[in-house]
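Asker: Provided below for reference: sequence and predicted model.
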2 protein chains.
Amino acid sequence: MNNTYLTRRTIRKYEEREVDSTLLERILTSGTRVSTTGNMQVYSIIVTRDQEMKRRLAPAHFHQPMVTEAPVVLTFCADFNRFNRWCHQREAEPGYDNFLSFMTAAIDALLAAQTVCNAAEEEGLGICYLGTVTYNADKIIEVLKLPRGVVPVASVTMGWPAMVPEQPDRLPLEAVVHHETYRDYTAGMIDDIYRAKEAREDNLKFIAENKKQTLAQVFTDVRYKKSDNEFFSAKYLEVIRRQGFYF
Amino acid sequence: MNNTYLTRRTIRKYEEREVDSTLLERILTSGTRVSTTGNMQVYSIIVTRDQEMKRRLAPAHFHQPMVTEAPVVLTFCADFNRFNRWCHQREAEPGYDNFLSFMTAAIDALLAAQTVCNAAEEEGLGICYLGTVTYNADKIIEVLKLPRGVVPVASVTMGWPAMVPEQPDRLPLEAVVHHETYRDYTAGMIDDIYRAKEAREDNLKFIAENKKQTLAQVFTDVRYKKSDNEFFSAKYLEVIRRQGFYF
């Protein structure tokens, strides 16, 4: 197995060097070979390389500097528009205006996204997913002119790494893998699973900086707050419905 | 770039040979290195190797033979249960009982799933995604004993290929990639994009067998019907809500 899977880290700082078009095309082609439901390929990839377009996308991503600094920004979208148009042109009545169809298309888009990222990393490129895509999908739709039937589900910045940070921690494998049935976590297991993460210097600093008692509170009270989650939930649901997936 | 991305195909027939546990562990570890929102890792992977458990999962997957024939079945789940338990144990009040949190966890699970598949294929293993996972999530939850906070989003069978089928067709790259903004499809573009697919011998046979006029009608009237989509939409939405993601 190539070692990239195990040694990778997210890259947020890029060299000014461009990503060659032939290389990018090969990487995107890798993405098109992934499994999709019924081989329908109900996704689209929007490539942003133009500086002005990146500048226009930046607010949707809360002005994270990667968006304007990376040579390439990719927006992966659930897309039933193309398939629906084909159906209409072929005397077929598409029934893909529902939640299941949104999920089908979102899954297609996400599997393609991750293979594109794996292929890019194997070429020495670095990538960063932007969680903001689901927060401000409405703005992204406007900037990228996404028609009805199309919803962004993943945004990725890509470029040549200018700085390779330390590899971040992960929970032990046995924390996320279950054998045969889900064995629910006891209090002792939770302590064991999170012990190393909680003891990290950077996380202790993080707790202090945020004036919190526990690392978990940094997540619930600062980084991913209930009120924000509920606000962006309502917004994303509205976008999905407005783009033609009713439920 | 390793060629697996470009030469891969879905494998539905497996040798009886087992997948070595050390190899499987390395493959799953690859999955744990993927990006996740805030490094929260809000997903779980259920490994099914026991024949009796595969037999019990089979009805949820409409008895597709891969489920009982593959040495390994993997169920990737959106999982906020572990994280919520940690929060509760650390005087933190989790606010992850909403649609955005479900999407966050589903995205985590799907990116991990696809890297596991890529890593497996690079080792010579074959995989097959089962779309049935979103249809019958309720049955899967029951068999795998998934608690509140956990929703299956991808099921994959894995094993050593017993037969390598022809590589299936894909739409041309330019059909799914847009530059700078989405350029919507004209009637002529739709004809061009789908021409090769529609001309394939196997698809012509498929139309005839199903007594349809066009390939699109095979999708809308036979394979992915509006009534089925709506039925399974309602069911999956109910499961997501029942597992604790309200909206």
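Answerer: Done, it's in.

Asker: domain-wise, how is chain A divided?
Answerer: A:4-165+A:234-242, A:173-223 (automatic domain parsing).

Asker: nearest to B:Tyr246, of these?
Answerer: Taking C-beta to C-beta, domain A:4-165+A:234-242 is the member of the domains of chain A nearest to B:Tyr246, at 11.4 Å. C-betas here are computed from N, CA, C, even on glycine.

Asker: in chain A, which residue is most central in space?
Answerer: A:Ala154 (3.6 Å; C-alpha atoms, centre = their mean).

Asker: now do the same for it: helix, strand or coil?
Answerer: strand (DSSP: H, G, I helix; E, B strand; the rest coil).

Asker: please pull out the lowest mean pLDDT helix or strand from chain A.
Answerer: One helix or strand of chain A scores below all others by mean pLDDT, DSSP states H and E: helix A:4-7, with a mean of 93.

Asker: hmm, back to that, and the residue nearest to the centre of chain A, what's its pLDDT?
Answerer: In this model, A:Ala154 is scored at 98, pLDDT.

Asker: before we move on, the earlier item: could you dump the domains of chain A to JSON lines with distance to B:Cys128?
Answerer: Converted to JSON lines, the domains of chain A look like this (distance: least, C-beta to C-beta, whole Å):
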{"stretch": "domain A:4-165+A:234-242", "distance to B:Cys128": "8"}
{"stretch": "domain A:173-223", "distance to B:Cys128": "20"}
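
Asker: redo these as CSV? Include distance to chain B.
Answerer: Listed next are the domains of chain A as CSV, based on distance: least, C-beta to the nearest C-beta, whole Å:
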stretch, distance to chain B
domain A:4-165+A:234-242, 2
domain A:173-223, 4
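
Asker: quick one: which of these is nearest B:Gln51?
Answerer: Nearest of the domains of chain A (C-beta to C-beta): domain A:173-223, 11.0 Å.

Asker: the longest helix seen in chain A vs helix B:99-122, what angle?
Answerer: Secondary structure of chain A per DSSP state H: the longest helix is helix A:99-122. Per axes from the mean of the first three to the mean of the last three C-alpha atoms, to 10 degrees, the angle that helix A:99-122 makes with helix B:99-122 is 50 degrees.

Asker: in its sheet, which strands sit next to the next helix or strand after helix A:99-122, and in what direction?
Answerer: Remark: after helix A:99-122, the chain's next helix or strand is strand A:126-129, criterion DSSP states H and E. Paired with strand A:126-129 in the same sheet, following DSSP bridges, are strand A:150-159 (antiparallel).

Asker: just name the most buried of the domains of chain A.
Answerer: domain A:4-165+A:234-242 (a mean of 21; mean count of other C-beta atoms under 10 Å in any protein chain shown).

Asker: now do that domain: distance to the chain's middle.
Answerer: The chain centre lies 8 Å from the centre of domain A:4-165+A:234-242; the measure is C-alpha atoms, centre = their mean, to the nearest Å.

Asker: start to end distance for that domain?
Answerer: 39 Å (C-alpha to C-alpha, to the nearest Å).

Asker: can I get the CA coordinates of the next helix or strand after the least confident helix or strand of chain A in PDB?
Answerer: Moving toward the C-terminus from helix A:4-7, the first helix or strand encountered (DSSP H and E) is helix A:21-32. Included here for helix A:21-32 are C-alpha records, laid out as PDB according to Å, rounded to 0.1, in the frame of the first residue of the first chain:
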ATOM      1  CA  SER A  21      -3.800  21.200 -16.000                       C
ATOM      2  CA  THR A  22      -2.900  17.700 -17.300                       C
ATOM      3  CA  LEU A  23      -2.200  16.600 -13.700                       C
ATOM      4  CA  LEU A  24      -5.400  18.000 -12.500                       C
ATOM      5  CA  GLU A  25      -7.300  16.300 -15.300                       C
ATOM      6  CA  ARG A  26      -5.800  12.900 -14.400                       C
ATOM      7  CA  ILE A  27      -6.700  13.500 -10.700                       C
ATOM      8  CA  LEU A  28     -10.300  14.400 -11.500                       C
ATOM      9  CA  THR A  29     -10.500  11.400 -13.900                       C
ATOM     10  CA  SER A  30      -9.600   9.200 -10.900                       C
ATOM     11  CA  GLY A  31     -12.600  10.600  -9.200                       C
ATOM     12  CA  THR A  32     -14.900   9.700 -12.000                       C
END
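
Asker: CA atoms only for stretch A:47-63, dumped as PDB, please.
Answerer: Provided in PDB are the C-alpha atoms of stretch A:47-63 (Å, rounded to 0.1, in the frame of the first residue of the first chain):
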ATOM      1  CA  VAL A  47     -13.100  23.900 -10.600                       C
ATOM      2  CA  THR A  48     -12.200  27.400  -9.400                       C
ATOM      3  CA  ARG A  49      -8.700  28.700 -10.500                       C
ATOM      4  CA  ASP A  50      -9.600  32.300 -11.400                       C
ATOM      5  CA  GLN A  51      -8.400  34.700  -8.700                       C
ATOM      6  CA  GLU A  52     -11.500  36.800  -8.900                       C
ATOM      7  CA  MET A  53     -13.800  33.800  -8.600                       C
ATOM      8  CA  LYS A  54     -11.800  32.600  -5.500                       C
ATOM      9  CA  ARG A  55     -12.200  36.100  -4.000                       C
ATOM     10  CA  ARG A  56     -15.900  35.900  -4.600                       C
ATOM     11  CA  LEU A  57     -16.100  32.400  -2.900                       C
ATOM     12  CA  ALA A  58     -14.100  33.600   0.100                       C
ATOM     13  CA  PRO A  59     -17.000  35.100   2.100                       C
ATOM     14  CA  ALA A  60     -18.900  31.800   1.900                       C
ATOM     15  CA  HIS A  61     -15.900  30.100   3.500                       C
ATOM     16  CA  PHE A  62     -15.600  32.800   6.200                       C
ATOM     17  CA  HIS A  63     -12.600  34.200   4.500                       C
END
